Structures are given as structure tokens and as C-alpha cells.
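Q: pasted the sequence and its predicted model underneath.
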Amino acid sequence: MKIFKALQQHPWVAGIGTLFAIVVISGFLTGFAPGKAIGQNFLSFFWQMLKVLPCVFILTGIFDVWIKTNTIEKHLGRGSSFLSYFWAILLAGTTVGGLHVALPVAHALHLKRAKLSIVLTFLSAAGICRVPMMLFEASFLGWRFTCIRFAVSLPLVVISCAALGWWFERRGYHLPDLN
């Protein structure tokens, strides 16, 4: 029922989905190469997500149950120190699988009352400093490049996320609760 309600509120989504289906189906029926490639890429990505997402949801559920809200509030919440940015970067560095893994963890952090700037830092750091990505980058571009990129990008992430968090808090913005 929620899907039909969402489609009524945003009919352009149904239009884009229909257009996508038409391009893919006509690609396979007529041999239109871009349509076939789009369909094959979609199926490949869909199967990858089908393999990864159940594990992500299980691990996020374990994180949600095992880590107490008081612990997150103490170390990553409003009263936390500047060290909380380090903890967010460290947690993001251990994330495997990209942002589709980091987003549910960020949502769990938000629900456990982590500061908005910490959630933003976690998401930003998950995009740039995951250990598997760092090893891959270092093997092709060298450790020197990787260290320089970290030295430049991580302070910028912390500064920009702290500024954004401060700006949003000053204006009284809060992320909506999706429970």
C-alpha cells in the first residue's frame, strides 16, 4: 500500500520506471544494443545487491541491538568531544561494501542520537577511507599518494561536516525519524 501511495504522490517515478522498462524490453526484443546493455547492467547490479543487502541488514540489526544508545550518545552524541570525529572515521574505515552498507549504519547512528555532524562525517569518510579501497588504491598509485590523499581529505571532511552540523543545529534542523 505504501508503494501505491508513494506513486500517487510522485507520479514521475512511475513514468521513469515505465520508460526504463520500455527501453530494456525493446532492447531485448529488437536487438537495440544500449537497451540490452542497460538491462544486463541492471540485472548484474540487482544480483550483487541481492547477495550483499541481507548481510548488511543483519549486521546493522546486530549493531542496533548490541550497541546501547547510551554508549553512542556518550561517545558520538551532543556532549562528545572532538575525538568523536576520529571514532566516526575509524568506524567508516572498517565499512566494507560502499555507501549502500554505510547508509543503514548511519541511520542506526542517527536513531541512537549521534550528532548530525558525526553522522555526516561517518558517511563522508565511508566514501573515501575504507580499508579495502585504500589497499586497492595503494597497490596502483602507491602508498605515498594514499597517505597524501588521506592527509588532505580527512581534515576537510571533518571541518566541512562540523560546519554543516553546526549550521543545521543553529537553524533547528533535525533529520526526520523514519520509524
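A: Structure received.
Q: count the residues that sit near Arg113.
A: For Arg113, the tally of surrounding residues (other CB atoms under 10 Å) stands at 13. Where C-beta positions appear, they are placed from N, C-alpha and C, glycine not excepted.
Q: I'd assumed His75 was in contact with it.
A: No. Applying CB atoms under 8 Å, one finds Arg113 not in contact with His75, separated by 11.2 Å.
Q: pLDDT below threshold where in this protein?
A: 1-4, 6-7, 177-179 (pLDDT under 70).
Q: now the residue located most distally from the centre of it. Its backbone dihedrals?
A: When distances are taken from the C-alpha mean of the chain, Thr30 lies farthest, 37.2 Å away, according to CA atoms, centre = their mean. With angles defined as degrees, to the nearest 10, Thr30 sits at phi -100, psi -10.
Q: same check, this time on Ser80
A: phi -80, psi 160.
Q: that one contacts Ile118, doesn't it?
A: Yes. Using CB under 8 Å, Ser80 is in contact with Ile118, at 7.4 Å.
Q: looking only at neighbour counts, state which of these two leads.
A: With neighbours defined as other CB under 10 Å, Ser80 and Ile118 compare such that Ile118 has more, 27 against 18.
Q: quick check: longest helix of the chain.
A: helix 33-66 (DSSP state H).
Q: how about residues contacting whichever helix or strand comes after that helix?
A: Per DSSP states H and E, helix 33-66 leads on to helix 69-76 as the next helix or strand towards the C-terminus. Helix 69-76 is contacted by residues 79-80, 84, 87-88, 109, 112-115, 118 when judged by CB atoms under 8 Å, 6 or more residues apart in numbering.
Q: and of these, the nearest to Met133?
A: Ala88 (16.9 Å; CB to CB).
Q: can you list the domain ranges for the chain.
A: 1-52, 67-179 (automatic domain parsing).
Q: could you export those as TSV, including distance to Leu59?
A: Converted to TSV, those look like this (distance: least, CB to CB, whole Å):
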stretch	distance to Leu59
domain 1-52	11
domain 67-179	8
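Q: deepest-packed of those, please.
A: Among those, domain 67-179 has the highest mean neighbour count (mean count of other CB atoms under 10 Å), at a mean of 16.
Q: ok now it, how far from the chain's centre?
A: In this view, domain 67-179 has its centroid 10 Å away from the chain centroid, taken as CA atoms, centre = their mean, to the nearest Å.
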